[in-house]
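Asks: sequence first, predicted coordinates after that:
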Amino acid sequence: MSEQAESSDSNDIQIVAAPPQHEMPFAYVAGKAITQLPQDLYIPPDALEVFLEAFEGPLDLLLYLIKRQNIDILDIDVALITEQYMAYVDLMESHQFELAAEYLVMAAMLAEIKSRMLLPRSTQEEDDEEDPRAQLIRRLQEYERYKKAAEDLDQMPRLDRDVFLAGAQGPQLERNTPDPVVELQEILMALSGALRRADMFEHHQIQRETLSTREKMAEILVRLSSEKFVPLVSLLMREEGRLGVVVTFLAVMELIKDSLVDIVQSEPFAPIHIKARS
């Protein structure tokens with residue numbers, strides 16, 4: 001019974017063929033899959049630039065290696081630093097990272113310094129020649145100052161990174177101001193004040209009356225032609241004002257000077273009369 005069951009199960013097994021595997025395209029251009037790079041494709045060396053998080057150049061890497069050993073820049077061991085630097089370059093090359101040319105230039109510079117320090121020199125040459133590390137130390141010190149300044153600037157609050165502009169619209173307030181209660185007495189006081197202020201700015205225009213001495217002399221002679229004696233007081237009229245009295249008096253004086261009239265007085269302190277000279 002069991003052999004018959006196994007033979008029946010083997011007859012039910014169906015071999016299903018696996019679906020054919022196609023090559024994965026690495027790009028689609030205009031909806032068409034591209035599986036092979038074109039032969040005339042040229043990628044410029046500087047088309048892709050990789051920024052490392054820790055090192056942004058050979059000087060940054062050297063400064064990191066020095067700080068990691070906790071030594072002063074002035075006391076760097078060129079042989080040890082060169083060995084560590086070359087180990088880093090070899091590591092990058094083993095991972096097939098394309099190093100920038102400046103890293104290779106720094107490696108050559110370190111090798112040169114190391115070789116110059118290993119060469120035997122006389123005492124006089126050591127006194128005359130500058131320390132081979134001097135130029136590298138100056139560049140490292142300068143780079144360290146600029147890096148510290150950049151870090152200090154980066155710590156300062158920056159707009160749209162640490163500080164953001166915010167705006168808010170204030171609520172709309174409806175203010176209901178009640179009408180003031182005005183008494184009749186206050187209105188009258190206000191009117192009185194307005195009238196007083198108007199009086200302070202009132203202007204007066206004064207015109208001088210034109211009085212002629214010659215005309216007054218003619219009027220006196222006309223009057224003396226009809227009357228023999230004319231009281232002096234009757235010639236001084238109050239309606240003409242002070243100026244009229246002065247002009248009349250001057251006219252009488254001119255007539256006396258021209259010998260046209262005489263002044264007559266019957267006794268001391270008696271009324272003065274004027275008469276025409278015959």
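Replies: Yep, it's here. Residues are numbered from 1 along each chain as shown.

Asks: which SSE is immediately downstream of the host helix or strand of Arg145?
Replies: Element membership of Arg145 [criterion: DSSP states H and E] is helix 134-155. Per DSSP H and E, the first helix or strand lying C-terminal to helix 134-155 is helix 184-200.

Asks: who does the helix or strand that that next one is followed by touch, helix- and strand-wise?
Replies: Remark: after helix 184-200, the chain's next helix or strand is helix 213-226, criterion DSSP H and E. Other elements packing on helix 213-226 under the criterion 3 or more CB pairs under 8 Å, 6 or more residues apart in numbering; DSSP states H and E are strand 229-231, helix 241-257, strand 261-264, strand 273-276. Any C-beta I mention is one placed from the backbone N, CA and C, and that applies to glycine too.

Asks: helix 213-226 vs helix 241-257, what angle?
Replies: Relative orientation of helix 213-226 with respect to helix 241-257: 70 degrees, computed using axes from the mean of the first three to the mean of the last three CA atoms, to 10 degrees.

Asks: export helix 213-226 as PDB, just CAs?
Replies: Listed in PDB are the C-alpha atoms of helix 213-226, where the atom choice follows Å, rounded to 0.1, in the frame of the first residue of the first chain:
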ATOM      1  CA  THR A 213      -2.700 173.600   6.300                       C
ATOM      2  CA  ARG A 214      -3.300 175.500   3.100                       C
ATOM      3  CA  GLU A 215      -6.900 174.400   2.900                       C
ATOM      4  CA  LYS A 216      -7.400 175.300   6.600                       C
ATOM      5  CA  MET A 217      -5.900 178.800   5.900                       C
ATOM      6  CA  ALA A 218      -8.400 179.300   3.000                       C
ATOM      7  CA  GLU A 219     -11.300 178.200   5.200                       C
ATOM      8  CA  ILE A 220     -10.300 180.800   7.900                       C
ATOM      9  CA  LEU A 221     -10.000 183.600   5.300                       C
ATOM     10  CA  VAL A 222     -13.400 182.700   3.900                       C
ATOM     11  CA  ARG A 223     -14.900 182.900   7.300                       C
ATOM     12  CA  LEU A 224     -13.200 186.200   8.100                       C
ATOM     13  CA  SER A 225     -14.600 187.700   4.900                       C
ATOM     14  CA  SER A 226     -18.100 187.400   6.300                       C
END
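
Asks: redo the helices and strands packed on helix 213-226 as TSV? Include mean neighbour count and mean pLDDT.
Replies: Converted to TSV, the helices and strands packed on helix 213-226 look like this (neighbours: other CB atoms under 10 Å; pLDDT from 0 to 100):
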stretch	mean neighbour count	mean pLDDT
strand 229-231	13	90
helix 241-257	15	90
strand 261-264	15	90
strand 273-276	18	90
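
Asks: how about these, which one is nearest Glu151?
Replies: Judged by CB to CB, the one of the helices and strands packed on helix 213-226 that comes nearest to Glu151 is helix 241-257, at 98.0 Å.

Asks: just give me how far that closest one sits from the chain centre.
Replies: Here the centre of mass of C-alpha atoms in helix 241-257, compared against the chain's by CA atoms, centre = their mean, to the nearest Å, lies 80 Å away.
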